[in-house]
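[1] Sequence and predicted structure are below.
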Amino acid sequence: LKDGGNTIIRERSISDTVDEYIIVRRIEGIRESTLERIEVAVKSLYTLVKKSSRLENINDKLIERYKRHCVEVLGLKPNTVNINLSKIRALLNWSLRKRYIKDLPHIEMLQVDQSDVDYLSDQMLKEIMSLGEIDNHYKRAFVFYFETGCRLFEPFNGYIKGNTLVIPPIKS
């Protein structure tokens with residue numbers, strides 16, 4: 001505003017944007033594990049571009065290079081690449097709403113082969129229970145998971161209320 005003053009245009013870096021995005025998402029109450037997953041996705045992006053790169057440099061061409069880089073160089077599985085892409089897409093959608101970028105790159109997910117679900121059969125459980133070298137504590141754990149269908153950490157993330165194991169939805 002002063003005579004002879006200079007205007008400095010500072011281009012928004014990927015790193016600055018990610019830092020702000022994570023602060024905003026934390027305030028919104030997003031789970032810490034989700035925030036950590038965002039950081040993992042962005043860290044994988046940093047293996048291809050510098051943190052100081054302009055946010056606007058994330059375009060269709062870079063996204064395609066990123067997918068190839070994840071699979072061919074980093075050795076990531078398609079599911080992992082897709083999780084990273086979804087976190088990057090969410091960041092870019094937010095950046096578009098904040099008008100930090102003008103255009104949203106098209107992000108196509110990788111094809112993932114659907115694998116069959118492996119189930120523990122009654123016969124398999126019976127065979128586990130007949131093994132003498134497995135402690136009874138672990139046998140009871142197998143029966144618990146078999147009967148309830150709980151995921152691995154759900155019992156540890158829940159609490160007992162009366163005779164019921166309550167697993168809060170945010171922990172499920």
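    Okay, I see it. Bear in mind the structure is a predicted one, so any value in this text is a computation, not a measurement.

[2] quick one: secondary structure of Pro105?
    Per DSSP: H, G, I helix; E, B strand; the rest coil, the local secondary structure of Pro105 is coil.

[3] Next one: it from Glu11, what distance?
    17 Å (Cβ to Cβ, to the nearest Å). In this view, the C-beta of every residue, glycine as well, is placed from N, C-alpha and C.

[4] Give me the distance from the lengthiest helix in the chain to the chain's centre.
    Counting by DSSP state H, the longest helix found in the chain is helix 78-97. When C-alpha coordinates are averaged (Cα atoms, centre = their mean, to the nearest Å), helix 78-97 and its chain have centres 9 Å apart.

[5] show me the contacts for the residue most central in space within the chain.
    When Cα atoms, centre = their mean is applied to the chain, the residue found nearest the centroid is Arg37 (3.8 Å). Going by Cβ atoms under 8 Å, 6 or more residues apart in numbering, Arg37 touches 83, 87.

[6] quick one: which helix or strand includes it?
    Arg37 is part of helix 32-45, with elements assigned from DSSP states H and E.

[7] residues touching the residue lying closest to Phe142 once chain neighbours are set aside, list them.
    Excluding its sequence neighbours, the residue lying closest to Phe142 (Cβ to Cβ, 6 or more residues apart in numbering) is Ile128, at 5.6 Å. By Cβ under 8 Å, 6+ apart, the contact set of Ile128 is 134, 139, 142.

[8] again, only using 10 Å
    Residues near Ile128 by Cβ atoms under 10 Å, 6 or more residues apart in numbering: 120, 134, 138-139, 142-143, 146.

[9] Which of those residues fall within helices?
    Per DSSP H, the subset of the contacts of Ile128 in helices is 138-139, 142-143, 146.

[10] So for Gly5, what's the pLDDT?
    You'll see Gly5 listed with a pLDDT of 69.
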